[in-house]
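**Q** take this sequence and fold it.
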Amino acid sequence: MLNDVSFRIGDGVKAALVGPNGAGKTTLMRLIAGDLQPVEGSVASSGGLGIMRQFIGGIRDGRTVHELLLSVAPQRVRQAAERLDAAELVMMEREDEKAQMRYAQAITDYTDAGGYDIEVLWDTCTMAALGMPYDDCKYRGVNTLSGGEQKRLVLEALLRGPDQTLLLDEPDNYLDVPGKLWLEQALRETPKTVVLVSHDRQLLANAADRIVTVESGNIWIHGGGFGTYAQARKDRNERLEELKKRWDEEHAKIKRLVLMLKQKAKYMDTMAAAYHSAQTRLRRFEEAGPPEAAPKEQFINMRLKGGRTAKRAVICESLELTGLMKPFDLEIWYGERIAVLGSNGSGKSHFLRLIAGEDVRHTGVARLGSRVVPGHFAQTHARPELVGRTPCEIVMTEHARLKNEAMKALSRYELAGTIAEQRFETLSGGQQARLQILLLELSGTTLLLLDEPTDNLDLASAEALQEGLNAFDGTVVAVTHDRWFADDFDRYLVFGSDGKVYESPEPIWDETRVVRQR
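**A** Residues are numbered from 1 along each chain as shown. All right, here's what the predicted structure looks like:
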């Protein structure tokens, strides 16, 4: 996937890793982290390496807050903690002198490794992320935390921790906008070197001072910020195309020379040396190979069709989601684009699920107009019915398509070829997201209910989605923390932290402004 790539990130630099979904960004992160070993070459870092994995935010296993924080602690602390846990288990079974000595030594090792010092640091982190001391939440299940709380907790630990180089895979996913604003400021202020993967265009513009692009098996670095990245990439691709054109012209010229000298050498002995010299020149030219090819552009064509419905697409009367919000009234008209904004845990996703027809506890009325067919895009991509099946199988069986029809549809979403034969769970987050949008397209939905649709989409896919929504003949309701994406919407429904739901003519991200307006 990645061939003969070399690059260096200087001390203190904030470098964003971008590129098409499936291009190898996560693979590169795993190589840097040491999870994978390169076939050739080497990877080196200095000052300790702290890692945030991509799955943080969606943890639903039995881990505790203590175990989550320990997973991102320095290796020496993790190893000492494992020995301490093992010694404690032995002490629970027997308390002989050998077990006591082993336990005492494990405590000493944990202390020497900085384990108790880092627990003091964790207290600061839990107060900042969860609003409670470490001792009060250390045994709390991580699955009781929201995705944003999980992200914030791990980010606090890494940014405050001793490691001087950080790898952050999708650090902004699950964060609400106040959380993203905090992250942007924290990244700007930290002296640490940071390599991050993100698809949030506003965060890239505000926090990254280097853009590392992974595409077509190669890596190149734009030394400026995201604001000048698009033009820099265009200029680079044009240069590569020009170099390739010149190489092709020179290649053709040498081949013509070889052919001409070959013909002359047949009847002129004096031309044999020139012919062999030209052959050697051609061989060396071809062995050197052509210059790097310009990457293939992504052409994602989302044909979200929709259809006419009643004038009132969604009607809410005294609607209250139990325990999440106060009653509110709402009318959404056919063709409108409504962005649903608010902090994590305010009820936005529950609202979308209710409109989609799921069983969500509520009082009041939430109903759809005639001919309104809802289609729901879930933030977590939790689609157990798709696990074990390939995109081609899914499109063929879910929407009665012949294989060639399914492949044509998948190719419009850059999901054809080998990707079409991969199991759903092995696809990248962005590929899973594109497949879900394709399924919405094929379902004939007239009301799109999108929960954080751009979270895992690469830059080209996010732009294609915005173009697809602009052409969609129907109604769109989207929960989003993507400030770039939200600018395209008509109305803004804000779920306040005090439980009130109200409309705004423009995006509101700052909770203090919410309070002032009310």
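**Q** ok, and the closest non-adjacent residue to Glu425?
**A** Spatial nearest neighbour of Glu425, chain neighbours left out: Val387 (5.2 Å); criterion: C-beta to C-beta, 6 or more residues apart in numbering. Placement of C-beta: from N, CA and C, glycine included.
**Q** what do you get for Val360?
**A** Beyond its immediate neighbours in the sequence, the residue positioned closest to Val360 (C-beta to C-beta, 6+ apart) is Leu354, lying 4.2 Å away.
**Q** ok, Met302 next?
**A** Met302 sits nearest to Gly468 (C-beta to C-beta, 6+ apart), 3.2 Å away.
**Q** low-confidence ranges in the stretch 401-518 of the chain?
**A** Flagging of the stretch 401-518 of the chain using pLDDT under 70 yields the residue ranges 510-518.
**Q** tell me where it has strands.
**A** Secondary structure of the stretch 401-518 of the chain by DSSP state E, counting those that start in this stretch: the strands cover 447-451, 475-479, 491-495, 501-504.
**Q** list of residues touching the last one?
**A** Right, strand 501-504. With contact meaning C-beta atoms under 8 Å, 6 or more residues apart in numbering, strand 501-504 is reached by 325-326, 328, 330, 341, 491-496, 517-518.
**Q** and it, which strands flank it?
**A** Strand 501-504 has the following strand partners under DSSP bridges: strand 491-495 (antiparallel).
**Q** what's the strand it pairs with in contact with?
**A** Strand 491-495 has contacts (C-beta under 8 Å, 6+ apart) with 325, 330, 336-343, 346-348, 351, 486, 501-508, 514.
**Q** ok, of those, which come out buried?
**A** 325, 330, 336-343, 346-348, 351, 486, 501, 507-508, 514 (16 or more other C-beta atoms under 10 Å).
**Q** distance check, the residue nearest to Val360 against Thr213.
**A** Counting by C-beta to C-beta, to the nearest Å, the separation of Leu354 from Thr213 is 41 Å.
**Q** between the two, which is the more surrounded one?
**A** Higher neighbour count among Leu354 and Thr213: Thr213, with 23 against 19, using other C-beta atoms under 10 Å.
**Q** checking that one next. Helix, strand or coil?
**A** The three-state label for Thr213, taken from DSSP: H, G, I helix; E, B strand; the rest coil, comes out as strand.
**Q** hmm, Pro20 and it touching each other?
**A** No - under the criterion of C-beta atoms under 8 Å, Thr213 makes no contact with Pro20, lying 9.7 Å away.
**Q** state the pLDDT value of the residue nearest to Glu425.
**A** Looking at Val387, its pLDDT is 87.
**Q** dump the residue contacts of it.
**A** When contacts are counted by C-beta under 8 Å, 6+ apart, Val387 touches 423-425.
**Q** can you say which of these are buried?
**A** Neighbour-count burial (16+ other C-beta under 10 Å) applied to the contacts of Val387 gives Phe424.
**Q** okay, and which of the contacts of Val387 map to helices?
**A** Among the contacts of Val387, no residue falls in helices (DSSP state H).
**Q** let me know the closest of the contacts of Val387 to Gly444.
**A** The shortest gap between Gly444 and any of those belongs to Phe424, at 21.7 Å (C-beta to C-beta).
**Q** just the helices in the stretch 101-250 of the chain please.
**A** Assigned by DSSP state H, counting those that start in this stretch, the helices in the stretch 101-250 of the chain fall at 115-130, 134-137, 147-160, 177-189, 201-207, 229-267.
**Q** tell me which of those lies nearest to Arg284.
**A** Of all the helices of the stretch 101-250 of the chain, helix 229-267 sits nearest to Arg284, with 9.9 Å by C-beta to C-beta.
**Q** what's the first helix or strand after that closest one?
**A** Reading on from helix 229-267 to the C-terminus, the next helix or strand found by DSSP states H and E is helix 272-288.
**Q** I'd like to know which elements that next one is packed against.
**A** Counting contacts by 3 or more C-beta pairs under 8 Å, 6 or more residues apart in numbering; DSSP states H and E, helix 272-288 packs against helix 229-267.
**Q** got the angle for the helix it packs on vs helix 272-288?
**A** Angle, helix 229-267 to helix 272-288, by axes from the mean of the first three to the mean of the last three C-alpha atoms, to 10 degrees: 160 degrees.
**Q** quick one: buried residues of helix 229-267?
**A** Of all the residues in helix 229-267, those buried under the rule 16+ other C-beta under 10 Å are 229, 233, 236, 240, 254, 257-258, 261, 265.
**Q** ok, now stretch 280-290?
**A** Phe285.
**Q** could we number from 5 for the rest of this?
**A** That works, and once the first residue is 5, the last one we named lands at stretch 284-294.
**Q** got the contact list for it?
**A** By C-beta under 8 Å, 6+ apart, stretch 284-294 touches 248, 251-252, 254-255, 258-259, 262.
**Q** out of the buried residues of helix 233-271, which is nearest to Glu296?
**A** Leu244 (5.9 Å).
**Q** OK, contacts around that closest one?
**A** Applying C-beta under 8 Å, 6+ apart to Leu244 gives the contacts 295-298.
**Q** quick one: the helices in the stretch 355-504 of the chain, in order.
**A** Assigned by DSSP H, counting those that start in this stretch, the stretch 355-504 of the chain shows helices spanning 395-402, 407-416, 433-447, 463-475, 487-490.
**Q** now the angle from the strand ranked longest in the chain to strand 451-455?
**A** Longest strand in the chain by number of residues (criterion: DSSP state E): strand 316-325. Put simply, strand 316-325 runs at 40 degrees to strand 451-455, going by the same axes, to 10 degrees.
**Q** sketch out the low-pLDDT regions of this protein for me.
**A** Residue ranges of the chain with pLDDT under 70: 5-8, 61, 383-386, 514-522.
**Q** nearest the geometric middle of it, what residue?
**A** Residue closest to the average C-alpha location in the chain (C-alpha atoms, centre = their mean): Asn460, at 3.8 Å.
**Q** okay, that one and Phe11: tell me how far apart.
**A** To Phe11, Asn460 is 24 Å away according to C-beta to C-beta.
**Q** mind listing what's buried along stretch 429-446?
**A** Buried residues in stretch 429-446 (16+ other C-beta under 10 Å): 431-446.
**Q** ok, those vs Met96, which is closest?
**A** Distances from Met96 to the buried residues of stretch 429-446, taken as C-beta to C-beta, are shortest for Gly433 (40.9 Å).
**Q** and the gap between the closest one and Gly28?
**A** Applying C-beta to C-beta, the value for Gly433 to Gly28 is 14 Å.
**Q** what do you get for Leu334?
**A** For Leu334, the distance to Gly28 equals 44 Å [C-beta to C-beta].
**Q** with Ser220 instead?
**A** 10 Å.
**Q** so which helix or strand takes in Leu72?
**A** Counting by DSSP H and E, the element that carries Leu72 is helix 69-75.
**Q** got the CA coordinates for that helix in PDB?
**A** The C-alpha trace of helix 69-75 is given here as PDB (Å, rounded to 0.1, in the frame of the first residue of the first chain):
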ATOM      1  CA  VAL A  69     -11.800   4.500  33.600                       C
ATOM      2  CA  HIS A  70      -8.600   3.300  35.300                       C
ATOM      3  CA  GLU A  71      -7.900   0.700  32.600                       C
ATOM      4  CA  LEU A  72      -8.600   3.300  29.800                       C
ATOM      5  CA  LEU A  73      -6.200   5.800  31.300                       C
ATOM      6  CA  LEU A  74      -3.600   3.100  31.900                       C
ATOM      7  CA  SER A  75      -3.900   2.100  28.200                       C
END
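**Q** residues in contact with it?
**A** For helix 69-75, contacts defined as C-beta under 8 Å, 6+ apart pick out 63, 67, 81-82, 85, 126, 129-130, 134, 138, 141-144, 146, 149, 154, 157-158, 161.
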